[in-house]
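Trainee: Give me a 3D structure for the following:
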Amino acid sequence: MEAHVHVIVEGMVQGVGFRWFVATRAQDLGLNGYVKNLYDGSVEIEAVGNRSLIEELLSKLKVGPRAAHVTNLCISWLESSSDKQRFTHFEIR
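Mentor: A predicted model of the protein is given here:
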């Protein structure tokens, strides 16, 4: 089942390879979307794809790469009507 999620990852998640970690995992799972750093030190992620694969990505986000320290995930499930056209791959912004 297609799903669309918006996630804000809080903690020590910038300068530790977190975006690369997310992009690699999302691409391996065949998800589309993006990951980017935010000015407040958190990381924003949008992912579109199979819900069970997105949930697998979310479980990986809770841990992150070795140097990261994730303190919170703010997860919002969104409507996914036209998102498949909006995202054609997963990218680092």
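Trainee: Only C-alpha atoms from now on, for both contacts and neighbour counts.
Mentor: Fine.
Trainee: And the strands in the chain?
Mentor: Assigned by DSSP state E, the strands in the chain fall at 2-12, 32-37, 43-50, 69-78, 90-92.
Trainee: Neighbouring strands - and their directions - for the longest one?
Mentor: Strands flanking strand 2-12 in the sheet, each with its direction: strand 43-50 (antiparallel), strand 69-78 (antiparallel) (DSSP bridges).
Trainee: Other residues contacting the first one?
Mentor: In other words, strand 43-50. By CA atoms under 8 Å, 6 or more residues apart in numbering, the list of residues contacting strand 43-50 from outside reads 1-10, 13-14, 19, 26, 30-38, 54, 80, 83-84, 87, 90.
Trainee: Which one of the strands paired with strand 2-12 lies nearest to Ser59?
Mentor: Proximity to Ser59 (CA to CA) singles out strand 69-78 among those, at 10.2 Å.
Trainee: buried ones in the closest one?
Mentor: Using 16 or more other CA atoms under 10 Å as the burial criterion, the residues of strand 69-78 that qualify are His69, Val70, Leu73.
Trainee: same check, this time on stretch 59-71
Mentor: Leu61, Lys62, Gly64, Pro65, Ala68, His69, Val70.
Trainee: can you list the strands paired with strand 2-12 in a markdown table and add mean pLDDT?
Mentor: What follows is these, written out as a markdown table (pLDDT from 0 to 100):
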| stretch | mean pLDDT |
| --- | --- |
| strand 43-50 | 96 |
| strand 69-78 | 95 |
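Trainee: The closest residue to Asn72 other than its chain neighbours: what's it in contact with?
Mentor: Closest residue to Asn72 apart from its sequence neighbours, by CA to CA, 6 or more residues apart in numbering: Glu10 at 5.1 Å. Taking CA under 8 Å, 6+ apart, we find Glu10 in contact with Gly41, Ser42, Val43, Val70, Thr71, Asn72, Leu73.
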